[in-house]
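1. give the three-dimensional model of this entry:
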Amino acid sequence: MRKYADDQERTIRVRHLVDEWMRSRLIDAAQHQRLAADLYVDLRRTNRFLRLTLFGFGLLIIAATVGLVGETIDVTGSIASGTLCLIAAAACAALAEFLIDRFRLYRFGVEEACAIGAALLVAGGSALLAGSVSGVTFGNRQLFAASIAGSAAAFAVYRRYGYVYAAVGAMLCAGLAPFQLHLPEVVQRLLAAAALGACFIVARTTRKKYGDEFPGDEYGILQASAWLGIYAALNVHLFSEFSSGPLAPSFYGFTYAAIWTLPAAGVWLSIRDRDSLLLNASLLMALATLVTNKPYLGAVRQAWDPILLGLLLIGIAIVVRRWLAGGADASRKGFTASRLVRADDDRGAAAGLVSAFQQTPTHRHPEPSPESLEQGGGRSGGGGAGASF
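-> Numbers count the residues shown, from 1 in each chain. The predicted model follows:
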């Protein structure tokens, strides 16, 4: 059962849209004031920066407190440490409930840290307890237990508090769990893809039922995340650390066909349903396919490959933009290249900020040691003109 009522969730989302319309100058201040007057909720919220700050400090305090308690009562051994983590997880969950009930917090950061900290402690405690079990050799039992328990705990956090990123984390843990088993890599990847495929079907079914309204907006994010997860599980060159060696030619060919088919199918479904999140995910998958195409074919990567890829993307963007602009009202079938709301500019700025951190490493020539310099010379006033070094 959700901690927050559905009416509260819907009201908060509508208020967010009204604020976005105001920022984008689609409505004036008077209209915003009239609309906002009917969208009041008795919940305490904060801005994104303070929320992230409180969330980070909250997790840090939880980790320090658990460590201090363990050191004070001299907890040693996997069983005792795992039990302490599970007890601390229960305390964090209770604290999250108390903070929300007492202070009416909503996405405030502190209560989120308690809820997410509880899920992390469940995963860590399960791993410690699994490590104390002897005679189990089905795989890396600690990571497997952490993945399964963490997935269940994160999903419980999502169901209770509505944190969508917790559900995304639950799907990620579920997709990683098969890779901790002593199974052939083909089976591992197929199990991961099947688990994420089941998540995709459930999310897509619910998304189509509710549309863009709550909770359809949440399931739209989960649908796109699961679609990306399926692609990541089947692309054997995307994360090479999960590859244990050469695969059967039939499965290798199947995955090569899949990394081309999945993005194309995603683009077709997203255009048909006008689903921007699924469209963005599918375009990202298509970009990953272009990047991993050469390794799949065994071709040698060249230094100019990124340049060619960039030119290709620029050309596609120009063609699509002009095609959309050539339609009636600069749009075709509900799609336009124009940015309608301010949030589009914010997302573009965020993408540019992330790309700024991707700096190409520079190679410096090693400085010669003093012993490698030839002594002597210094003619023409000591400037070294004509001298050999």
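
2. find the helix or strand that Thr11 is a member of.
-> helix 6-23 (DSSP states H and E).

3. output the following helix or strand past that helix as PDB - backbone C-alpha positions only.
-> Towards the C-terminus, the helix or strand next in line after helix 6-23, according to DSSP H and E, is helix 29-37. Extracted in PDB, the C-alpha atoms of helix 29-37 (Å, rounded to 0.1, in the frame of the first residue of the first chain):
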ATOM      1  CA  ALA A  29       1.300  34.900 -13.500                       C
ATOM      2  CA  ALA A  30      -2.400  35.500 -12.900                       C
ATOM      3  CA  GLN A  31      -3.400  32.200 -14.600                       C
ATOM      4  CA  HIS A  32      -0.700  30.400 -12.600                       C
ATOM      5  CA  GLN A  33      -1.900  31.800  -9.300                       C
ATOM      6  CA  ARG A  34      -5.500  30.700 -10.000                       C
ATOM      7  CA  LEU A  35      -4.500  27.200 -11.000                       C
ATOM      8  CA  ALA A  36      -2.000  26.800  -8.100                       C
ATOM      9  CA  ALA A  37      -4.700  27.800  -5.600                       C
END
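
4. Leu68 should be in a strand, yeah?
-> No: looking at Leu68 with DSSP: H, G, I helix; E, B strand; the rest coil, it is helix, so not inside a strand.

5. helices of the stretch 151-300 of the chain, start to end?
-> Secondary structure of the stretch 151-300 of the chain (DSSP state H, counting those that start in this stretch): helices at 164-176, 185-210, 216-234, 249-273, 276-297.

6. next, format those helices as TSV and append mean neighbour count, mean pLDDT and distance to Ile61.
-> Where C-beta positions appear, they are placed from N, C-alpha and C, glycine not excepted. Shown next, in TSV, are these (neighbours: other Cβ atoms under 10 Å; pLDDT from 0 to 100; distance: least, Cβ to Cβ, whole Å):
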stretch	mean neighbour count	mean pLDDT	distance to Ile61
helix 164-176	21	97	19
helix 185-210	18	95	32
helix 216-234	23	96	28
helix 249-273	16	95	41
helix 276-297	17	94	34
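
7. switch those over to TSV; also include distance to Ala80.
-> Formatted as TSV, those follow (distance: least, Cβ to Cβ, whole Å):
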stretch	distance to Ala80
helix 164-176	25
helix 185-210	33
helix 216-234	35
helix 249-273	44
helix 276-297	43
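
8. contact partners for the nearest residue to Met171 once chain neighbours are set aside?
-> In this structure, Met171 finds its nearest non-sequential neighbour in Cys199, 5.1 Å apart by Cβ to Cβ, 6 or more residues apart in numbering. Cys199 sits next to Met171, Ala174, Leu222, Ala226, Gly229 when contact means Cβ atoms under 8 Å, 6 or more residues apart in numbering.

9. and the last one, what does it touch?
-> Remark: with contacts taken as Cβ under 8 Å, 6+ apart, Gly229 is in contact with Met171, Leu172, Gly175, Ala192, Leu196, Cys199.
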